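Trainee: Coordinates for the following, if possible.
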Amino acid sequence: MATTQIFVNLPITDLPATRAFWTALGYTFNADFSGEHSLALEIGPGISAMLLSHSHFGEFTVKPIADGSATETILALGVDSRDEVDRLADAALAHGGTKAQDPQDHGFMYGRSFLDPDGHHWEVVWMDPNASQG
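Mentor: Numbering: from 1, shown residues only. Next up, the predicted model:
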């Protein structure tokens, strides 16, 4: 089976502010797919978020572009530790993000959520790898 890559496309309003926000969280961008109206956020192997200006995003759809006032999707990032959940969420809140929900702590699973500066809902989740073993 061929490897599948995922490219999530999201509309943004301010490229420099978006770049600064995600850089502050420790992420990088693929320069080969970034340009004057787009940023290719590298989330993990084979997973990218294409952050596109509204005008560029509009070239790919005939529907109205969501403005961040309603939730169209929730994007979840799985991380390796509870500390990494807190690091990412705290960095997001310190650099222009806002809290989406209260933290969820189920012992074997821990998560926090934030809205990025464009209102996209992100969850950061850690799950104990031993929990799936019974």
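
Trainee: Now do the same contact list for residue 50.
Mentor: By Cβ atoms under 8 Å, 6 or more residues apart in numbering, the contact set of residue 50 is 7-10, 33, 38-41. C-beta coordinates here come from the backbone N, C-alpha and C atoms, glycine included.

Trainee: mind running it again at 6 Å?
Mentor: 7, 9, 40 (Cβ atoms under 6 Å, 6 or more residues apart in numbering).

Trainee: got a pLDDT number for it?
Mentor: Reading off the per-residue confidence, residue 50 sits at a pLDDT of 97.

Trainee: Which secondary structure state is assigned to it?
Mentor: Going by DSSP: H, G, I helix; E, B strand; the rest coil, the secondary structure assigned to residue 50 is strand.

Trainee: gap between it and residue 98?
Mentor: Here the distance between residue 50 and residue 98 works out to 23 Å (Cβ to Cβ, to the nearest Å).
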